[in-house]
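**Q** Quick one: sequence plus predicted model below, questions after.
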Amino acid sequence: ISVPVRVRSVQPDGIEIDEAAQIVTLSKHGACVVLSSRMDVGAKLLVETSSGREFRSSVVWVGAPPANGRESQVGIQCRGLAQSLGFQFP
């Protein structure tokens, strides 16, 4: 799956992040998102879908630093995101 989303967050140092990102894995309780910004576990994100729906989420997993140094993967916990994108899980 590759679903475009917009991600917003405020880093602990006060830097605001607002970037286009991609969901690459989706589950009932969250997603794996590819970002160009570095995130830490516990970071709070606002994820906006292409339809304009917004979801509050938390980073629960951070992937290893990428070899290309550009993008990284983070796992987010987010209720209702999959359903809003049209996916149903048992």
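**A** In hand now; what should we look at? Numbering: from 1, shown residues only.
**Q** what bits of the protein have low per-residue confidence?
**A** Where the chain drops to pLDDT under 70, the residues are 66-69.
**Q** Could you check how far the spatially most central residue of it is from residue 14?
**A** Compute the mean C-alpha point of the chain, and by C-alpha atoms, centre = their mean the closest residue is residue 33, 4.2 Å away. Applying C-beta to C-beta, to the nearest Å, one obtains 22 Å for the distance of residue 33 from residue 14. Where C-beta positions appear, they are placed from N, C-alpha and C, glycine not excepted.
**Q** contacting residues around the residue nearest to the centre of the chain?
**A** 5, 7, 21, 22, 23, 24, 47, 73, 74, 75, 76 (C-beta atoms under 8 Å, 6 or more residues apart in numbering).
**Q** does the fifth one really touch residue 7, like I thought?
**A** It stands for residue 23. No - under the criterion of C-beta atoms under 8 Å, residue 23 lies out of contact with residue 7, with a separation of 9.9 Å.
**Q** Who is the residue nearest to the centre of the chain paired with across the strands?
**A** The residues paired with residue 33 through beta bridges, assigned by DSSP bridges, are residue 23, residue 74.
**Q** Okay, helices next: where are they in the chain?
**A** For the chain, helices defined by DSSP state H occupy the ranges 81-84.
**Q** can you pull out the strands in it?
**A** All strands of the chain, identified by DSSP state E, fall at 3-10, 16-27, 30-35, 44-48, 54-62, 72-77.
**Q** And for the first one, what's in contact with it?
**A** Residues from elsewhere that reach strand 3-10 (C-beta under 8 Å, 6+ apart): 16-23, 26, 33, 35, 37, 39, 43-50, 85.
**Q** Same check on the longest one?
**A** Outside of strand 16-27, the residues that reach it under the criterion C-beta under 8 Å, 6+ apart are 1-11, 31-37, 73, 81-82, 85, 87, 89.
**Q** Then the fourth one?
**A** Taking C-beta under 8 Å, 6+ apart as the criterion, the residues outside strand 44-48 that touch it are 5-9, 31, 33, 39, 54-59, 76, 78, 81.
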